[in-house]
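**Q** Provide a 3D model corresponding to the input given below.
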Amino acid sequence: MNRSILVAGMMSLSLAAMAVNPIVQTNYTTDPAPMVHNDTLYVYTGHDEAGADFFWMQEWRVYSTTDMVNWTDHGSPLAIEDFEWGDDRAWAPQCVERNGKFYFYVPLHSRLFGAMAIGVAVGDTPVGPFKDALGHPLVDGSWDYIDPTVFVDDDGQAYLYWGNPEIYYVKLNDDMVSFSGDVQKVEQTVDGFGAPGPELRSKDVKYKDNYTEGPWFYKRGGKYYLLYAAGGVPEHIAYSMSDGPTGPWKYMGEIMPLCDTGSFTNHCGVADFKGNSYFFYHTGKLPGGGGFGRSMAVEQFDYNPDGTFPVIMPTDEGVAPVGTLDPYRRVEAETMAWSSGIGVEQNAETGVYVSDVHNGDYMMVKNVNFGSGGPKTFGASVASALRGGVIEVRLDSTEGDLIASLDVPGTGGWENWRYIETPALAEVPGLHDIYFVFKGRKGPKLFNIDYWRFE
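**A** The predicted structure is shown next:
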């Protein structure tokens, strides 16, 4: 993200101390698609480029958490360049696991047909690497082939829905990269979606709602749910329910009404994790953000007793932690709950690391469990082509008690990594938020950070 954008709109310390939303502050992240696998929640997102005046998106990104407040950036495992037939518009994705493989469904512009299409990549882990499974689109046909959502039913039948402003679906085969039968178009009705399909709507009729884009399809308690962006622009989130995976659908109402989120679009995903239900969406609330600079956020909610949704409002506070962070292990620097000023970079050897560190920047991790005593030392893997700087480790705020101060020297290059340790300055029992405050000469970039740990 452009550093000048971040600095110009830097959020206050009081907000950062309690905020979780937006989840990621180092990039604009759009169209969140959560997936739970092996006690970890992953979110697959698009990526708005800083300063864009349209949906200029080149790649997809992956983030994960085990506690819902500290998020690890896994970088970009998939981009337009991974599809030889694609040339533009890496829009809203979703990933699903089946039989030990991970299937990543993405829309992008097809150079073969001159319109939007949906491709599928496959990987062996939730964070990739992913490879185009087909060498051509899974489905293609028109400009409204966007926003795929996928679900594997209890009987093993998988379904892929997509579309704007129409709704389409196919039944996927067991291989998840082919389908049986023809592409089906869902009939939109007033009872099903609040309005008839776009070709049948009358300008003189005020409908109670209408499907727009961004479907999210899943099953819970024997009922099928189709959540979607609705109402045209600006968008709110509404939903329909059905007793069957292909309808007939019944319009149920709004989930997230129009709010002052700073974005004229919205796109949602839902997941259950560690006994709680979570609603993911995006806003334009990061500094420099807006309708073409969107950022994912999350809210916890409880279904109504009959399985319907409550009204969910966006908050800055987000959700409470459902676990703690262990500081006595290697913690990737790109794992954080909040940050200000910094960026991230990625290469094949190191992976993702924290970069663009300047004087006064900071990052924070929440709910760190130091146990009953310690620590004795603090260390970090750092790199600096020039003069380095200092990492101040503080408790619970950027001006909290100083528990370690690590001098970072020049290491001879921005990716010449060196692990450096320093004695801890105080015992830190119990749970705390930890702030890493970066100090050095004013103006220049100071250093990069790969990982850190206490001993």
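**Q** how's this protein carved up into domains?
**A** 3-301, 331-454 (automatic domain parsing).
**Q** show me the contacts for Gly307.
**A** By Cβ atoms under 8 Å, 6 or more residues apart in numbering, Gly307 lies in contact with 220-221, 223, 241. All C-beta atoms are positioned from the backbone trio N, CA, C, and that covers glycine.
**Q** So which residues make contact with the one helix or strand Ile255 maps to?
**A** Using DSSP states H and E, Ile255 sits within strand 250-256. Applying Cβ under 8 Å, 6+ apart, the external contacts of strand 250-256 come out as 190-194, 208-209, 227, 230, 236-242, 266, 268, 279, 281, 308-309, 311-314.
**Q** which SS state does the residue lying farthest from the centre of the chain fall under?
**A** Centroid-distance maximum for the chain: Asp204 at 39.0 Å, with Cα atoms, centre = their mean. What DSSP: H, G, I helix; E, B strand; the rest coil gives for Asp204 is coil.
**Q** And the strands in the stretch 301-450 of the chain?
**A** 331-332, 335-336, 338-340, 343-347, 351-355, 362-369, 377-383, 389-395, 402-408, 418-423, 431-439, 448-454 (DSSP state E, counting those that start in this stretch).
**Q** Save those as CSV, and put in mean pLDDT too.
**A** Shown next, in CSV, are those (pLDDT from 0 to 100):
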stretch, mean pLDDT
strand 331-332, 98
strand 335-336, 98
strand 338-340, 97
strand 343-347, 97
strand 351-355, 98
strand 362-369, 97
strand 377-383, 98
strand 389-395, 98
strand 402-408, 98
strand 418-423, 98
strand 431-439, 97
strand 448-454, 98
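**Q** Asp174: which of those strands is closest?
**A** Asp174 lies closest to strand 351-355 among the strands of the stretch 301-450 of the chain, at 33.1 Å (Cβ to Cβ).
**Q** Contact partners for the spatially closest residue to Gly318 that is not a sequence neighbour?
**A** Closest residue to Gly318 apart from its sequence neighbours, by Cβ to Cβ, 6 or more residues apart in numbering: Val20 at 2.8 Å. Contact analysis of Val20 by Cβ under 8 Å, 6+ apart lists 68-69, 297-298, 316-319, 337-338.
**Q** Can you pick out the most distant pair from those residues?
**A** Taking Cβ to Cβ, no two of these sit farther apart than Met68 and Asp316, at 15.4 Å.
**Q** Compare those two (neighbour count), which wins?
**A** Met68 (24 against 15; other Cβ atoms under 10 Å).
**Q** shouldn't that one be in contact with Val36?
**A** No. If you go by Cβ atoms under 8 Å, Met68 and Val36 don't touch, sitting 11.5 Å apart.
**Q** got any residues that touch both of those two?
**A** Phe273.
**Q** what's the distance between Gly86 and Thr30?
**A** 18 Å (Cβ to Cβ, to the nearest Å).
**Q** swap that for Ala79, sorry
**A** 15 Å.
**Q** So for these two, which residue has more residues nearby?
**A** Shown here are Ala79 and Thr30; by other Cβ under 10 Å, Thr30 has more neighbours (26 against 18).
**Q** for the more buried one, which residues make a bridge with it?
**A** Gly46 (DSSP bridges).
**Q** That one: what's it in contact with?
**A** 45-48, 57, 92, 267, 282, 294-296 are the contacts of Thr30 under Cβ under 8 Å, 6+ apart.
**Q** and those residues, which of them are in strands?
**A** If you go by DSSP state E, those have 45-48, 57, 282, 295-296 in strands.
**Q** Specify which member of the residues you listed is nearest to Asp396.
**A** Ser295 (24.8 Å).
**Q** distance of that closest one from Thr283?
**A** Distance check for Ser295 against Thr283: by Cβ to Cβ, it reads 6 Å.
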